[in-house]
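Asks: Need coordinates for the following:
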Amino acid sequence: MIKVAISGVAGKMGREVLKTIVNAEDTVLCAAVDVQHQGQDAGVLLGGGEPLGVMVTDNLKEALALSGADVLVDFTRPQTVAGNAITALQAGVRPVVGTTGMSAEQVQEVSALANQKKMGCIIAPNFAIGALLMIKFAAEAAKYFPHVEIIEKHHDQKVDAPSGTAIKTAEAILERRGDFRQGPLLEEEKIAGVRGGQMTGNLRLHSIRLPGLVAHQEVIFGGLGQTLTIKHDSIARECFMPGVLLAVRAVMRLEGVVYGLENLIFE
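Replies: Next up, the predicted model:
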């Protein structure tokens, strides 16, 4: 059995992970960490009231030390995710990171520590298989359609923009397409930012935040007399759970950081 700790367990994604870990045949919950519901049995987060025998705590370092966790699944906040991954690795626990917003420098720091410890770590901007296929298809299309923009839409409680999935998509496109100038040379924004954010390589990303959304993305390509749209919609958070379980199992055999679940699925 893989002993799993969950950081951010009281959040919407955390609760889905909790349900998944409790119901899987080869995983067991050993620690639950969150700033909410401290001192309560983690079972209250599932809504049924059935106790799980694991109390929610806000002390990640202590929870990992006492629980004997093999893996930490982190769905917290951009401000804390890098520190949580480092805390896990220092405790001999393998991180599976679903929180987006980690900077390139922070990824490098986590990667250096994982290499030093000879331990696996998975950082996944998106765990939905369909989203990973969207990225793969978009990278392929970029060879033929260099004119492209990305629109990502998320619920209004998401604090980082653009999303990690949008950044990962842009990186995959730029790897195939390279730098490319699109649009008029003298383009003028009458309202700052109205044309979206611009990645290195002249690729624009647009972020929308509204209640009622979960996670959605369109990659729109333009060509002579035609457009091509590659779209993915996450209707419910349960769509991420097969990918989370895959990562929890895979990280046990890895050394070093794997950035992007597609590197495990499409290898």
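Asks: And for the residue nearest to the spatial centre of the chain, nearest residue in space, chain neighbours not counted?
Replies: By C-alpha atoms, centre = their mean, the chain has its centre lying nearest to Pro125, at 2.8 Å. Spatially, and ignoring its direct neighbours in sequence, Pro125 is nearest to Gly164 (3.1 Å; C-beta to C-beta, 6 or more residues apart in numbering). Using the backbone N, CA and C atoms, a C-beta is placed for each residue, glycine as well.
Asks: Next, the contact list for the one you found, please.
Replies: Contact partners of Gly164, counting by C-beta atoms under 8 Å, 6 or more residues apart in numbering, are Thr100, Gly101, Pro125, Asn126.
Asks: Distance-wise, check the third one relative to Thr100.
Replies: Okay, so that is Pro125. 6 Å (C-beta to C-beta, to the nearest Å).
Asks: Quickly list what's touching both of these two.
Replies: Ser163, Gly164, Thr165.
Asks: and the helix or strand hosting the last one, how far from the chain's centre?
Replies: The reference is to Thr165. Assigned by DSSP states H and E, Thr165 belongs to helix 164-177. The chain centroid and the centroid of helix 164-177 are separated by 14 Å under C-alpha atoms, centre = their mean, to the nearest Å.
Asks: please begin residue numbering at 267 from this point
Replies: Let's use 267 as the start, then, which means that last one is helix 430-443.
Asks: would you list the contacts of Gly430 in CSV and tack on distance to Gln483?
Replies: Output for these, formatted as CSV (distance: C-beta to C-beta, whole Å):
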residue, distance to Gln483
Thr366, 13
Gly367, 16
Pro391, 11
Asn392, 9
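Asks: what sits opposite the nearest residue to Leu326 once chain neighbours are set aside in the beta ladder?
Replies: Once flanking residues are discounted, Leu326 sits nearest to Val299: 5.0 Å by C-beta to C-beta, 6+ apart. Beta bridges link Val299 to Ser273, Thr323 when assigned by DSSP bridges.
Asks: Ok, Gly386 next?
Replies: The partner residues for Gly386, given DSSP bridges, come to Gly522.
Asks: wait, isn't it in contact with Gly522?
Replies: Yes: between Gly386 and Gly522 there is a contact under C-beta atoms under 8 Å: 7.0 Å.
Asks: which residues do the two both contact?
Replies: Between them, Gly386 and Gly522 share the contacting residues Ala380, judged by C-beta under 8 Å, 6+ apart.
Asks: Going along the chain, name the helices of the stretch 317-466 of the chain.
Replies: 326-333, 347-356, 370-383, 395-407, 430-443 (DSSP state H, counting those that start in this stretch).
Asks: now the ones you listed as CSV including distance to His498 and mean pLDDT?
Replies: Conversion of the helices of the stretch 317-466 of the chain to CSV gives the following (distance: least, C-beta to C-beta, whole Å; pLDDT from 0 to 100):
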stretch, distance to His498, mean pLDDT
helix 326-333, 32, 96
helix 347-356, 23, 97
helix 370-383, 23, 95
helix 395-407, 4, 96
helix 430-443, 8, 94
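Asks: Could I get the contacting residues of Val322?
Replies: With C-beta under 8 Å, 6+ apart, Val322 has these contacts: 275-276, 298-300, 302-308, 311.
Asks: no, scratch that, I was asking about Lys409
Replies: Arg442, Arg443.
Asks: swap in Gly526?
Replies: Ile389, Ala390, Pro391, Leu398, Lys434.
Asks: With just CA atoms, put stretch 339-353 into CSV.
Replies: The C-alpha coordinates for stretch 339-353 follow below in CSV (Å, rounded to 0.1, in the frame of the first residue of the first chain):
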residue,chain,number,x,y,z
VAL,A,339,-0.2,15.1,-3.1
ASP,A,340,-0.3,18.9,-3.0
PHE,A,341,-3.2,21.1,-4.1
THR,A,342,-2.7,24.3,-2.2
ARG,A,343,-1.7,27.8,-3.3
PRO,A,344,1.1,29.2,-5.5
GLN,A,345,2.6,31.0,-2.5
THR,A,346,3.2,27.8,-0.6
VAL,A,347,3.6,25.0,-3.1
ALA,A,348,7.4,25.2,-3.6
GLY,A,349,8.0,25.2,0.1
ASN,A,350,5.7,22.2,0.5
ALA,A,351,7.5,20.2,-2.1
ILE,A,352,10.8,21.0,-0.5
THR,A,353,9.5,20.1,2.9
